[in-house]
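Enquirer: Just the structure for this:
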Amino acid sequence: MVQVNTDQSPVLAGRFGVRGIPVLHLVRKGKSVEQLSGAQPAEAVVAWFRRLQTKG
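Expert: Numbers count the residues shown, from 1 in each chain. Here you go, the predicted structure:
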């Protein structure tokens, strides 16, 4: 997991289309394949990760 400060890395934020924070991106081979935007309860984030694990 990597945390990026979008104020310090605006080019990277632009590359991934970050329009608001917080946002989580699942990155595979340098490309964002899934994202979860907005403040989420811990249970929603865990469920998101679990769903992605089953996708492979």
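
Enquirer: by contact count, what packs against the longest helix belonging to the chain?
Expert: The longest helix of the chain (DSSP state H) is helix 42-55. Using 3 or more Cβ pairs under 8 Å, 6 or more residues apart in numbering; DSSP states H and E, the elements in contact with helix 42-55 are strand 23-28, strand 31-37. All C-beta atoms are positioned from the backbone trio N, CA, C, and that covers glycine.

Enquirer: Could you export those as JSON lines, including mean pLDDT?
Expert: Formatted as JSON lines, these follow (pLDDT from 0 to 100):
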{"stretch": "strand 23-28", "mean pLDDT": "90"}
{"stretch": "strand 31-37", "mean pLDDT": "92"}
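
Enquirer: I'd like these as CSV, with mean neighbour count appended.
Expert: Below are these laid out as CSV (neighbours: other Cβ atoms under 10 Å):
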stretch, mean neighbour count
strand 23-28, 14
strand 31-37, 13
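
Enquirer: nearest to residue 13, of these?
Expert: Nearest of these to residue 13, taken as Cβ to Cβ: strand 23-28 at 9.2 Å.
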